[in-house]
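Peer 1: The following block contains a protein sequence and its predicted model.
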Amino acid sequence: MDRMTRARASTLAAVLMGSCAMLAACGAGADGEAGESGGTTPSAATSATKAARNADPTRDMVSAVSPGKASAPVELKFSLSERPEVGRPIEVEIAVLPVSELDRISASFQPGAGLQLLSGQQMVAVEHPAAGVPLKHRVTIVPERDGIFFVSAVVLADSPDASLARTFSIPIIAGQGPAPARGGSATPESRDAKTP
């Protein structure tokens, strides 16, 4: 396997893990709690959980995938308003999170193959954003067919020392997701067919 193929495989694996985490979060309860255990009373534990959630406004969001350094001065998180369906517009909530002191930050969004971007292509530039405070943005997309697709985000961050462009990938699993691989499991029609 050549280096380019390994890099693509690594990126795809990271994106799929992020997608699985996002889908698992969709199954959480109203408070996202699986249950309480231990010596703490349920009301005290619930209060502590709610306080921790209120402290982080991006708590219900998933980190977008980036091939860049983990110590970059900016992060990007996202959440979906509902499960993506083919032909139906869906809003993607974006939080661009400055990690360190920046002079200016802006972002642009591009749909990958299989997606249409209806609105939100540009995030307005923000001068001297506060570190740790998320900058909210929203894009509206329409999946054109079943599958796994990506919205690319390019975040431009100007610091007192340098300028940086960081690319993020936001995975979108539309409809039934990817088609099964050839030679894979039988289709529902062939399983349900009666044998003579």
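Peer 2: Structure's in. What do you need? Numbers count the residues shown, from 1 in each chain.

Peer 1: Quick check: chain neighbours aside, which residue is closest to residue 110?
Peer 2: residue 152 (4.8 Å; Cβ to Cβ, 6 or more residues apart in numbering). Backbone N, C-alpha and C define where each C-beta goes, glycine included.

Peer 1: Beta-bridge partners for that neighbour, please?
Peer 2: residue 110, residue 169 (DSSP bridges).

Peer 1: and residue 82, how many residues sit next to it?
Peer 2: 9 (other Cβ atoms under 10 Å).

Peer 1: a strand runs through it, doesn't it?
Peer 2: No - read with DSSP: H, G, I helix; E, B strand; the rest coil, residue 82 is coil and lies in no strand.

Peer 1: Do I have it right that the residue nearest to residue 110 meets residue 166?
Peer 2: No - checked against Cβ atoms under 8 Å, the pair residue 152 and residue 166 is beyond contact range at 11.2 Å.

Peer 1: And the helices in the chain, which stretches?
Peer 2: Ranges of helices within the chain are 3-26, 42-55, 188-192, based on DSSP state H.

Peer 1: if we can go back for a sec, between residue 152 and residue 166, which one's more packed in?
Peer 2: More crowded of residue 152 and residue 166, by other Cβ under 10 Å: residue 166, with 19 against 14.

Peer 1: what residues are up against the more buried one?
Peer 2: 66, 68, 72, 74, 154, 155, 157 (Cβ atoms under 8 Å, 6 or more residues apart in numbering).

Peer 1: most surrounded residue in these?
Peer 2: Within those, most neighbours by other Cβ under 10 Å means residue 155, with 27 neighbours.

Peer 1: thought it was touching residue 64?
Peer 2: No - in this structure, residue 155 is not within contact of residue 64 by Cβ under 8 Å, at 9.6 Å.
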